[in-house]
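Colleague: no FASTA, just this:
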Ligand code: B1M
């Protein structure tokens, strides 16, 4: 990998948004393709953030700072990325289920997925099942992600999956769930395709599901 790309990954990991911007510009000036700067610079740095967060070596504030640095770099790259760079990203719709206002974990998962190369459509909080159905119909995502933080609202994940089935869109997407009270057993019980305990694992899970879907 070119030195400047490794440097980008390093300063992104450190959450140094100014250096990310300077080095992204430097890489472009050196003639490195925007798609390569994205994959081998920004996404490589964010991948490492995910690995270390999962291992407990990084904490939520550090992940948020790295995500902010990634966004700063993306602002420069986005207009330069080719259609093929953009088309290669898989899409995920994410939201917090009905009755639930917690969004810190969901936002973190969204940021990590974005850092993992996904196009993330965040549809918000306190979402009735129909909002997920509508988002599938309009956005055609590969994956739908639901977050719940209350034992009372996690049941709405099941209601949402039922609504997807009733609307005839369940087969179009893979459904993943997470949030503090949610478990792998619960995910299996309600017919979700996957469960992730944290944001880093959500990226791994989403990647494995799109691989299955595409393969
Ligand atoms: Co609330 N709250 N809260 N709260 N709150 C909890 C969740 C609670 C455990 C606190 C407690 O009693 N010890 C408790 C739930 C008990 C239960 O049901 N078992 C609780 C309660 C009871 C309530 C209210 C009912 C309180 C009241 O009004 N009486 C009320 C409900 C409001 C509602 O939603 N209708 C309420 C309100 C609030 C605030 C608004 C004040 C605020 C939310 C602010 C916000 O989100 N914008 C709040 C907060 C901050 C918390 C705690 C303190 C922190 C939650 C958090 O953000 N954690 C929480 C106690 C705690 O967890 N220590 C608590 C940090 C975040 C990064 O972690 O969300 O777990 P987390 O996300 C992780 C993973 O879970 C996973 O990845 C994330 C990152 O690693 N993950 C996914 C999450 N979503 C995922 C989706 C995936 C995959 C992984 O795939 C799609």
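Modeller: Cool, the structure landed. Only a predicted model underlies this, so the values are computations on that prediction, with no experimental measurement involved.

Colleague: and residue 176, how many neighbours?
Modeller: 24 (other CB atoms under 10 Å). To be clear about C-beta, it is placed using only N, CA and C from the backbone, and glycine gets the same treatment.

Colleague: part of a strand, is it?
Modeller: Yes. In this structure, residue 176 lies within a strand as judged by DSSP: H, G, I helix; E, B strand; the rest coil.

Colleague: can you pull the contacts of it?
Modeller: Residues counted as contacts of residue 176 (CB atoms under 8 Å, 6 or more residues apart in numbering) are 143-146, 187, 192-196, 202, 205-206, 209.

Colleague: now it: closest residue in space that isn't a chain neighbour?
Modeller: Counting by CB to CB, 6 or more residues apart in numbering, residue 176 lies nearest to residue 194, which is 4.5 Å off, once chain neighbours are set aside.

Colleague: my guess is that neighbour contacts residue 174, does it?
Modeller: Yes. Using CB atoms under 8 Å, residue 194 is in contact with residue 174, at 6.9 Å.

Colleague: who touches both of the two?
Modeller: Both residue 194 and residue 174 are in contact with residue 209, where contact means CB under 8 Å, 6+ apart.

Colleague: before we move on, the earlier item: number of nearby residues for the residue nearest to residue 176?
Modeller: 22.

Colleague: residues contacting it?
Modeller: Residue 194 neighbours (CB under 8 Å, 6+ apart): 174-177, 187, 205, 208-209.

Colleague: for it, what are phi and psi?
Modeller: phi -170, psi 160 (degrees, to the nearest 10).

Colleague: how near is the residue sitting furthest away from the middle of the chain to residue 77?
Modeller: Distance from the centre of the chain peaks at residue 30, with 29.8 Å (CA atoms, centre = their mean). Per CB to CB, to the nearest Å, residue 30 is found 14 Å from residue 77.

Colleague: contacts for stretch 13-30?
Modeller: 2, 4-5, 7-8, 11-12, 34, 37, 41-42, 45, 48-49, 62, 65-66, 68-70, 72-73, 76-77, 80.
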